[in-house]
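Peer 1: Let's see this in three dimensions:
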Amino acid sequence: MSFLAVLFALLVEQARPLARGNWVHAGFRAWARWTNRSLDAGKPHHGWIAWTVAVVVPALMTLAIHWLLWAVTPLLAFVWSVVILYVTLGFRQFSHHFTDIRDALDDGDETTARDLLAQWRQVDASELPRSEIVRHVIEYSVLAAHRHVFGVLGWFSVLAALGLGPAGAVFYRMSEFVSRYWAYKRQSAAAAGEGASSALQQVASQAWGMIDFVPARVTSLGFAVVGSFEDAIDAWRNYTQRLQVAEPMAAESHNDGIILAATSGAVNVRLGGEVLKPAFSPDASQAFQAEGLNALDGPAVTETTPGREPEVAHLRSIVGLVWRSVVLWMVLLALLTLARLLG
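Peer 2: Here you go, the predicted structure:
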């Protein structure tokens, strides 16, 4: 049933993607804002309470509805899983940015490509050369694919196999969103009087790092399997070694860096380097859509990885890499579903 739920959700999302600023995502944003205002008292234990209410409660509500519908008929529970996956999973929540920038670069219109990148990520891209535009588009798009698709698939598949329905998808996406949203609220000058405390922001960041620890490595492994395996693993290992030397106590928090390192090796492209300067906007990082990195943070990889200079052709390679990974996931889900049916 997990395989069919994911398949239907992806098909519906491709045919009719959710509009940006839809009422469902607006509701999640309002929920995160309410927990911040009502439960954040500036202490670490208050932060954990606020985080639990913001993230765990929606997941438990999703689970309760799933069990209730399952008691009526499994068909309704299946439809509920498709609906939740449609809201939390999909490429169309960010892929239009990628497509528009790629088309502009194909047409030789680098000015438009810079403007589109600046609008997407709220950064200053006015002086970026062509190769750097491509590099940043690759980095943001790969991380967005992980957070919108592969990470959601991982948590959904594991918890669904345990009989917890689509709760894993909500748990993963809400944990990512509150970490990004509360960081934004703390740094936003417009949020005076209602910004998240440093304790709450730290709790959300720590929780997100732990929750994404395994999915990030599974995504990286998937990219290695469908790409250049030896080069991807070598880039992953080199990044981890550099990280341990530089910050031995913070290695597990660099999930994004591992994904980018594996991507670099999988398609033989140089990633990492100069961090883009944020061009702060009151609307930055408020959307439920993750769209890659936090607009207020720099890329996870700041040292360049080995590989060829980024070219427009690499954008097509990234599309192929991501879709092959999706096929790999779907095959694994289909095999697991078949094994359960036969068992």
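Peer 1: pretty sure Leu200 contacts Trp51?
Peer 2: Yes. Under the criterion of Cβ atoms under 8 Å, Leu200 makes contact with Trp51 at 7.2 Å. Using the backbone N, CA and C atoms, a C-beta is placed for each residue, glycine as well.
Peer 1: So the two - more neighbours on which side?
Peer 2: Neighbour count, other Cβ atoms under 10 Å: between Leu200 and Trp51, Leu200 has more, with 30 against 26.
Peer 1: Kindly export the helix or strand containing Ser220 (C-alpha atoms) in CSV.
Peer 2: Element membership for Ser220 (DSSP states H and E) is helix 213-226. Extracted in CSV, the C-alpha atoms of helix 213-226 (Å, rounded to 0.1, in the frame of the first residue of the first chain):
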residue,chain,number,x,y,z
PHE,A,213,20.8,12.3,9.9
VAL,A,214,19.9,8.9,8.4
PRO,A,215,17.8,10.2,5.4
ALA,A,216,20.6,12.4,4.3
ARG,A,217,23.0,9.5,4.1
VAL,A,218,20.4,7.3,2.4
THR,A,219,19.9,10.0,-0.2
SER,A,220,23.6,10.2,-0.7
LEU,A,221,23.9,6.5,-1.0
GLY,A,222,21.1,6.5,-3.6
PHE,A,223,22.9,9.1,-5.6
ALA,A,224,26.0,7.0,-5.5
VAL,A,225,24.2,3.9,-6.7
VAL,A,226,22.6,5.6,-9.7
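Peer 1: Return the set of buried residues in it.
Peer 2: Of the residues in helix 213-226, those buried by neighbour count under the rule 16 or more other Cβ atoms under 10 Å are Pro215, Ala216, Arg217, Val218, Thr219, Ser220, Leu221, Gly222, Phe223, Ala224, Val226.
Peer 1: what comes into contact with that helix?
Peer 2: The contact list for helix 213-226 (Cβ atoms under 8 Å, 6 or more residues apart in numbering) reads 146, 150-151, 154-155, 172, 232-233, 236, 252, 255-256, 258-259, 261-263, 265-266, 321, 324-325, 327-329.
Peer 1: again, but for stretch 40-60
Peer 2: By Cβ under 8 Å, 6+ apart, the list of residues contacting stretch 40-60 reads 28, 31-32, 35-36, 38-39, 167-168, 170-171, 174-175, 178, 196-200, 202-204, 207.
Peer 1: Do me a favour and get the end-to-end distance for that stretch?
Peer 2: In stretch 40-60, first residue to last residue: 21 Å (Cα to Cα, to the nearest Å).
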